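Engineer: Okay, sequence plus prediction incoming.
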Amino acid sequence: MIVLILLNALAPLAALGVAAAFLFSPRRHLLRDLPSELGERLGGLSAAARAALAGRRVLWVHAASAGEVAAVAEMLRRLRHEPSPAAVVLSTMTRAGRDAAQRLEGVDVAVLAPIDCCWTVRRFLRQTRPFALILVETELWPNMIEFSGRQGLRLALVNGRISERSFGRYRLAAPFLRPILARLDKVAAQTQADARRFMALGVLEERIAVAGNMKYDRLSAAQDERGRQKLDSLGWQGRCVLVAGSTHPGEEEIVLQGFLAARRKFPRLGLVLAPRHVERADGAAARLQSLGVKFARLSQDQPAPDCDALLVDSMGWLQSFYACASAAFVGGTLVPVGGHNVLEPAAAGAPVIFGPHVANTRETAEALISCGAGFMARDAGALSDVLCRLLAEPEFASRCGTQAKKLVRQLQGATQRSMDQLSCILNLR
């Protein structure tokens with residue numbers, strides 16, 4: 001393929017471009033471990049990893065980062081309990097994803113994915129010798145798919161999705177993608193809309209099934225008490241709490257304005273603010289200070305007295321705070337990001353508020369609105385209005401939370417449906 005040859009010729013320049021972009025971004029610290037990661041990025045495995053795979057049947061699973069790794073965790077656990085289970089190599093695009101993969105039951109080797117060019121992918125395939133490759137969500141790397149197919153691997157995509165926004169870009173590359181995506185033996189798509197988009201890009205219709213989103217299977221109403229304990233340490237017992245999760249630049253100001261407007265009617269309302277990327281915590285802190293909001297940082301050992309907001313600057317806490325929420329706002333929706341998982345707070349029984357930019361989670365956002373558990377707020381005023389109604393009508397808010405949990409239960413089961421689709425590829429019982 002001429003286009004694939006061209007992509008491989010440009011791959012070194014693209015890699016340098018990505019490194020330069022990170023160098024001048026707020027996330028530049030991610031480059032500090034690049035020298036130690038280079039071996040894996042070039043398709044290499046450590047001696048320990050090669051020893052762990054020696055003489056075993058190997059399944060290669062590839063996911064983008066920690067969220068996608070979490071989505072397939074239950075599937076990998078179940079595969080480990082199959083008769084004669086294969087050794088699993090799980091590759092990820094990020095260090096956070098690799099760290100999460102190393103903690104999973106059912107993963108024998110966790111590595112950073114090779115750069116998507118022909119020689120690094122072929123080197124990785126020589127060292128791992130897998131019989132099949134399972135891709136997760138939208139990890140449609142041309143060389144990874146093409147050269148795995150050429151070497152006879154069975155190929156599948158699970159939790160497959162293509163957002164409405166990104167579909168336009170994929171369509172521009174459709175003539176190039178069509179023969180590559182035709183190599184996929186199975187696609188377990190999240191929604192009917194995703195399935196239609198995959199077909200439009202060249203996946204054969206008979207190879208596609210709608211299985212749902214495996215991320216929903218890990219959602220639970222079980223409460224992580226760490227969040228409640230932290231809020232109690234701030235003296236917030238009995239206070240109503242707005243939890244704003246996965247927020248982005250540009251929308252934190254809107255959320256704070258809505259929060260402050262609601263506080264004029266409900267002065268004991270507290271805010272838990274969790275930026276999408278914890279390295280942005282200092283920027284979020286500056287916004288809180290500029291608006292005169294007293295706040296504490298989660299990472300602080302000593303609680304700040306009389307604070308009205310808690311800034312979450314550590315990973316792994318958001319779900320435990322959703323369990324304490326009187327209402328929850330899901331970020332990436334007041335700015336054109338496309339939205340994050342609106343069902344995470346729903347699983348905890350919190351009424352869910354989000355903005356209009358929900359391209360990445362449209363079906364679940366619409367489902368929440370339809371069942372009376374979700375509310376779209378286009379600006380700070382609308383956010384304040386919804387929040388005030390929920391706080392003023394606790395019975396209404398309770399019904400919203402009940403409906404939210406019910407919807408989550410209805411949407412679960414995607415892991416088993418996906419495994420049913422994989423059975424012919426993985427020879428499952």
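Structural biologist: Looks like it arrived, so ask away.

Engineer: Might you report the residue contacts of the residue nearest to the spatial centre of the chain?
Structural biologist: Geometric centre of the chain, nearest residue: Gly67, 3.6 Å, by C-alpha atoms, centre = their mean. Counting by C-beta atoms under 8 Å, 6 or more residues apart in numbering, Gly67 touches Lys215. C-beta: built from backbone N, CA, C; applies to glycine.

Engineer: Roughly how far does it sit from Met315?
Structural biologist: Counting by C-beta to C-beta, to the nearest Å, the gap between Gly67 and Met315 amounts to 11 Å.

Engineer: cool, Cys400 as well?
Structural biologist: Distance, Cys400 to Met315, by C-beta to C-beta: 28 Å.

Engineer: more crowded one of the two?
Structural biologist: Under the neighbour definition other C-beta atoms under 10 Å, Cys400 and Met315 were set side by side, and Cys400 has more, 23 against 11.

Engineer: okay, that one: pLDDT?
Structural biologist: Looking at Cys400, its pLDDT reads 98.

Engineer: How about it, nearest residue that isn't a chain neighbour?
Structural biologist: Pro351 (3.9 Å; C-beta to C-beta, 6 or more residues apart in numbering).

Engineer: Report how many residues lie close to the one you found.
Structural biologist: Applying the criterion other C-beta under 10 Å, we find 27 residues in the vicinity of Pro351.

Engineer: Spit out the contact partners of it.
Structural biologist: With contact taken as C-beta under 8 Å, 6+ apart, Pro351 is in contact with Ala327, Ala328, Ala373, Gly374, Phe375, Leu390, Ala397, Cys400, Gly401, Ala404.

Engineer: Relative to Gly202, which of the residues you listed is nearest.
Structural biologist: Gly374 (34.2 Å; C-beta to C-beta).

Engineer: How much space separates that closest one from Gly331?
Structural biologist: In terms of C-beta to C-beta, Gly374 sits 15 Å off from Gly331.

Engineer: Same drill for the two, tell me which one is more crowded.
Structural biologist: Neighbour totals were compared for Gly374 and Gly331, and Gly374 leads with 27 against 24 (other C-beta under 10 Å).

Engineer: Setting aside sequence neighbours, what's the nearest residue to that one?
Structural biologist: In space, Gly374 comes closest to Leu368 once its chain neighbours are excluded; the distance is 2.7 Å by C-beta to C-beta, 6+ apart.

Engineer: Quick check: the one you found is in a helix.
Structural biologist: Yes. Secondary structure of Leu368 (DSSP: H, G, I helix; E, B strand; the rest coil): part of a helix.

Engineer: Tell me the predicted confidence for it.
Structural biologist: Reported pLDDT for Leu368: 98.

Engineer: List the residues that contact it.
Structural biologist: Val342, Leu343, Ala346, Val352, Gly374, Ala404, Leu407.

Engineer: could you redo the last one with a cut-off of 10 Å?
Structural biologist: In this structure, Leu368 makes contact with 330, 342-343, 345-346, 351-354, 358, 361, 374-376, 400, 403-404, 407-408, judged by C-beta atoms under 10 Å, 6 or more residues apart in numbering.
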